[in-house]
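Enquirer: Sharing a sequence plus its predicted fold:
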Amino acid sequence: MAQSAKPTKLSLSSTITPKPLLKFHQIRFLPAKSRALCFRTLSSLSSPPPTSDQNTTNPQNLTLISLLRAIPDWADRIQERGMQRNRSLYNHEKWVDHRSSLRHIRHLLSSLSSRVILSLVPPVLVFTSVAVIIASYNTAVEVELLPEFFPVLRSSSLPYQLTAPALALLLVFRTEASYSRFEEGRKAWTKVIAGANDFARQVIAGVEGSGDELIKNSLLRYIMAFPVALKCHVMHGSDIGRDLQHLLELDDLEVVLSSKHRPCCIIQFISQSLQLLKLEESKKNILESKISCFYEGIGVCEQLMGTPIPLSYTRLTSRFLVLWHLTLPIILWDDCHWIVVPATFVSAAFLFCIEEVGVLIEEPFPMLALDELCNLVQNNIKEAIATEKAVRASLNAKRKKQSCEHLSNGRPANSV
């Protein structure tokens, strides 16, 4: 048996690595079957062998844990799918629909499809179940189904009246801090998009001559590629190779994919292309100054990605909400009795929803329509390239017409 397994191992290795210097980013250029085989082999080689503890794990414990995690995992999958969904820019029709008087009914009917609401199923279900258990226990004690030494779980509502303003302020400040991060990310991307459009406009208008046409076209492609590279840099699960394959040539794309910081690599292409242009030094300095808005956008985006709202604040909000709803049925029992169950459900749904919105917009980039913004830059630059010759021809025709009119009036041609 050992002799029969050995040739199989040798043939597999020779099939996967015919070139010993094959790099990871080069695998994507292989045929589909070879690429899949390479990825399977790399994953099998990188995964450690199972230990004795993993082999002796109790199947019943795994089943219990999987059952308890079924609903949270389902809610997390819905939330992550919503985070990866492409956003769209608003137009006039969408604004009319947004401020429609029927929006409240539409929003209410779409509640069951909202990823924010569906992601709150685990905590709301847990706290509602706790309220049912406490209400059942208190009812059993009051009807004397349990011995007399079991007390009824009740308490004064004064602690809740004193801490309710603190919880409201905590949620307001948490949401406001998250929205400020969202606004900062939106402004950073606005500067990047405006800077890319202005940069491309100056390149189109300032670079002339047949000798620089190839470098000019490549430079414009690099400018269009930068927002895409920055979007893939800040968005989890983005495929930069797929997004840039129609903008960059194959050798340029390979260099970008092999670099650790893709947006900075695109900036290096832009900078080197500017040095190759046959321009005056003053024009080169003006064009190079436009690169600063790209670096500023990278800095703001990386700062927002690397530094969330202080974790102590987020943990305090979460712990406050959990303890609040765990004790809410006890506080409301004397006044509400079994109404504590729907009261806890409503309170958990609304308060945790506010906290969930703050957590979602804390990472601003999945909330922005980055794909459409990148496409908007590309369309603007392509349209400017297409209309450049037509605009110049129209202006030259007007200039010639004006020159002819001056000549007909008896003025010299050089006075124009």
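Expert: Okay, I see it. Numbers count the residues shown, from 1 in each chain.

Enquirer: lowest-confidence helix or strand of this structure?
Expert: Here the helix or strand of the chain ranked lowest by mean pLDDT, DSSP states H and E is helix 2-16, holding a mean of 39.

Enquirer: give me every residue that touches I298.
Expert: 230, 233, 263-264 (Cβ atoms under 8 Å, 6 or more residues apart in numbering). Bear in mind the C-beta positions are built from the backbone N, C-alpha and C, glycine included.

Enquirer: And for F320?
Expert: F320 neighbours (Cβ under 8 Å, 6+ apart): 166-167, 170.

Enquirer: What segments of the chain are strands?
Expert: Taking DSSP state E to define them, one finds no strands in the chain.

Enquirer: Do you know the pLDDT at L220?
Expert: Per-residue confidence (pLDDT) for L220: 92.

Enquirer: To what extent is it buried, counted in neighbours?
Expert: Counted with other Cβ atoms under 10 Å, residues neighbouring L220 total 23.

Enquirer: Look up how far Q202 lies from it.
Expert: 11 Å (Cβ to Cβ, to the nearest Å).

Enquirer: swap in K389?
Expert: According to Cβ to Cβ, K389 stands 17 Å off from Q202.

Enquirer: check contacts around the closest residue to T128 other than its chain neighbours.
Expert: In space, and not counting its chain neighbours, T128 is closest to F345: 4.7 Å by Cβ to Cβ, 6 or more residues apart in numbering. Residues near F345 by Cβ under 8 Å, 6+ apart: 124, 127-128, 131.

Enquirer: Look at F345 and report its pLDDT.
Expert: F345 is given a pLDDT of 93.

Enquirer: Then P72?
Expert: 69.

Enquirer: what's the answer for the one 10 residues further on, then?
Expert: Reported pLDDT at G82 in the predicted model: 64.

Enquirer: Going forward, the N-terminal residue is numbered 462.
Expert: All right, first residue 462 from here; so that's G543.

Enquirer: got the contact list for I791?
Expert: 595, 614-616.

Enquirer: Filter those down to the buried ones, PyMOL style.
Expert: Restricted to buried positions by 16 or more other Cβ atoms under 10 Å, the PyMOL selection for the contacts of I791 reads:
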select buried, resi 595
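
Enquirer: Please list the members of the contacts of I791 that lie in helices.
Expert: Taking DSSP state H, the ones among the contacts of I791 that sit in helices are I595.

Enquirer: Show me where the stretch 462-611 of the chain dips below the pLDDT cut-off.
Expert: Across the stretch 462-611 of the chain, residues meeting the criterion (pLDDT under 70) sit at 462-523, 525-537, 539-545.

Enquirer: where's the residue nearest the centre of the chain relative to V689, distance?
Expert: With distances taken as Cα atoms, centre = their mean, the residue of the chain nearest its centroid is P827 (2.7 Å). Separation of P827 from V689 (Cβ to Cβ): 16 Å.

Enquirer: repeat for V807
Expert: 44 Å.

Enquirer: These two: which is more packed in?
Expert: V689 (26 against 12).

Enquirer: Could you check how far the more buried one is from E833?
Expert: Taken as Cβ to Cβ, the span from V689 to E833 is 12 Å.

Enquirer: Which neighbouring elements make contact with the lengthiest helix in the chain?
Expert: Ranked by residue count under DSSP H, the longest helix found in the chain is helix 619-667. Where contact means 3 or more Cβ pairs under 8 Å, 6 or more residues apart in numbering; DSSP states H and E, helix 619-667 is packed against helix 674-695, helix 742-750, helix 753-767, helix 772-797, helix 801-823, helix 831-869.

Enquirer: shouldn't A810 be in contact with L581?
Expert: Yes. Counting by Cβ atoms under 8 Å, L581 is a contact partner of A810 at 6.4 Å.

Enquirer: and these two? which has more neighbours close in?
Expert: Remark: of A810 and L581, L581 carries more neighbours, 21 against 17, as counted by other Cβ under 10 Å.

Enquirer: Nearest residue to the more buried one in space, please, no chain neighbours.
Expert: F813 (5.2 Å).

Enquirer: For the one you found, which residues are in contact?
Expert: With Cβ under 8 Å, 6+ apart, F813 has these contacts: 581, 584-585, 782.

Enquirer: same thing with F643?
Expert: 822-823, 825, 828.

Enquirer: Local confidence estimate at it?
Expert: 93.

Enquirer: One more: C814?
Expert: 90.

Enquirer: For the closest residue to I800 other than its chain neighbours, the count of nearby residues, please.
Expert: Nearest-residue entry for I800: L793, 7.5 Å, with adjacent residues in sequence omitted and distances by Cβ to Cβ, 6+ apart. For L793, the tally of surrounding residues (other Cβ under 10 Å) stands at 23.

Enquirer: Verify the contact between L793 and S618 for me.
Expert: Yes. The pair L793 / S618 is scored as a contact, 7.5 Å apart, by Cβ under 8 Å.

Enquirer: Cool, thanks, signing off.
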